[in-house]
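Enquirer: sequence isn't available, so here's the structure alone:
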């Protein structure tokens, strides 16, 4: 019914944007969160162990940190600058807002509003963000079913080999029920393969990654994944491993071929033409955010899901400019909740 649809919309919004303010960019969904606050609070607590706190102008879902999860556009030094800025605002001090990614996020969160001399800071909202909830999501041991549900909801794919024995046994025994649960709660469809489980969003809305169909860097990153899959795919008689180490030189060679075939992605940040190191870094960071690759010391490991999603990277170079042009379009990256 209508109520179920509103609850699903509100739940999707909170998982994708854990802080929703009444006057922020997602304010249109704020009344739905307040209308179904009791139901949302109960479901998020029971299923994920995530407390939900609400005020007259904000709603915050207190999520636990997950390994490999990053805010889009943030590096470790960016996280440090964000924490320092929030702490300063919470204490009523002037923050350092020199980093564009920090200012962008604080503006989106409505902690900072206005520009120049008209800029103001919401000290109460900053305190809400730096304080822990009454029942912090990361406190104490997490039950296997809670840990698995968090990963299903917030990562592109969950590989059986990356779960503990208890988590793997629970998920294998609960697959039909969990698929139905996530379909009802979030409108997601389960795709089960031999290596793991992915939850797909038919509406292609629950993502905090740039749409590959319109973002040149995302196109380059998916083309890189495709080249790595082609080079490292096992022989037909060999069993496919859950992950494989990527030779460092293969990454540089593949990016060089992509640049020759398709050119370099235009951007408003680094000059990729002059700084190929920046292109390598940003493309790998994006694939890491999509969980198609993961770091292993100073190297990278290509995960099995890359073989499922990377080959969809299809571009249209200008006639005669590339050796690998294909028909069709380049779809957006897989759903990933922030």
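Expert: All right, it came through fine. Small disclaimer: the values here were computed from a predicted structure and weren't measured. Numbering: from 1, shown residues only.

Enquirer: scan this protein for its longest helix.
Expert: Across the chain, the longest stretch assigned as helix under DSSP state H is helix 165-186.

Enquirer: what does the average pLDDT come to for it?
Expert: Mean pLDDT, helix 165-186: 94.

Enquirer: report the buried residues of it.
Expert: For helix 165-186, a neighbour-count test (16 or more other Cβ atoms under 10 Å) marks 167, 168, 170, 171, 178, 179, 181, 182, 185, 186 as buried. C-beta: built from backbone N, CA, C; applies to glycine.

Enquirer: list just the nearest of these to residue 157.
Expert: Top of the list for closeness to residue 157, among those and by Cβ to Cβ, is residue 171 at 12.5 Å.

Enquirer: I'd say that closest one and residue 158 touch.
Expert: Yes. Using Cβ atoms under 8 Å, residue 171 is in contact with residue 158, at 7.4 Å.

Enquirer: could you tell me which residues touch both of these two?
Expert: 148, 197 (Cβ atoms under 8 Å, 6 or more residues apart in numbering).

Enquirer: which pLDDT value does the model give the closest residue to residue 301 other than its chain neighbours?
Expert: Nearest residue to residue 301, sequence neighbours excluded (Cβ to Cβ, 6 or more residues apart in numbering): residue 243, at 4.7 Å. For residue 243, the pLDDT comes out at 79.

Enquirer: just use 19 as the starting number from now, easier for me
Expert: Happy to do that; since the first residue is 19 now, the last one works out to residue 261.

Enquirer: which of the buried residues of helix 183-204 lies closest to residue 68?
Expert: The nearest one, if we look at the buried residues of helix 183-204 relative to residue 68 and count by Cβ to Cβ, is residue 203, at 12.5 Å.

Enquirer: mind checking the SS state of the nearest residue to residue 39 once chain neighbours are set aside?
Expert: Closest residue to residue 39 apart from its sequence neighbours, by Cβ to Cβ, 6+ apart: residue 128 at 4.4 Å. Secondary structure, DSSP: H, G, I helix; E, B strand; the rest coil: residue 128 is coil.

Enquirer: I'd say residue 128 and residue 143 touch.
Expert: Yes. Using Cβ under 8 Å, residue 128 is in contact with residue 143, at 6.7 Å.

Enquirer: higher neighbour count, those two?
Expert: residue 143 (22 against 19; other Cβ atoms under 10 Å).

Enquirer: which SSE is the more buried one in?
Expert: helix 141-148 (DSSP states H and E).

Enquirer: that helix packs against which elements?
Expert: With contacts taken as 3 or more Cβ pairs under 8 Å, 6 or more residues apart in numbering; DSSP states H and E, helix 141-148 sits against strand 76-79, helix 94-108.

Enquirer: name the residues that touch the next helix or strand after that helix?
Expert: Counting by DSSP H and E, the next helix or strand C-terminal to helix 141-148 is helix 162-172. Contacting residues not belonging to helix 162-172 are listed as 33, 65-67, 81-82, 84, 87, 160, 176, 181-182, 184-185, 187-189, 192, 196, 200, 204, 215, 217, 354-356 [Cβ under 8 Å, 6+ apart].

Enquirer: before we move on, what about stretch 30-49?
Expert: Under the criterion Cβ under 8 Å, 6+ apart, residues 27-28, 50-51, 58, 62, 70, 74-81, 126-128, 143, 147, 171-172, 204-205, 223-226, 355-356 lie in contact with stretch 30-49.

Enquirer: need the distance between the two termini of that stretch.
Expert: From its first residue to its last, stretch 30-49 covers 14 Å (Cα to Cα, to the nearest Å).

Enquirer: roughly how far is that stretch from the heart of the chain?
Expert: Between the mean C-alpha point of stretch 30-49 and the mean C-alpha point of its chain there is a distance of 17 Å (Cα atoms, centre = their mean, to the nearest Å).

Enquirer: report the buried residues of that stretch.
Expert: So, applying 16+ other Cβ under 10 Å, buried residues of stretch 30-49: 30-40, 42, 44, 47-48.

Enquirer: report the rounded mean pLDDT for that stretch.
Expert: So the average pLDDT for stretch 30-49 ends up being 91.

Enquirer: check stretch 111-126 too.
Expert: 91.

Enquirer: ends of it, how far apart?
Expert: Span of stretch 111-126 from end to end, Cα to Cα: 20 Å.
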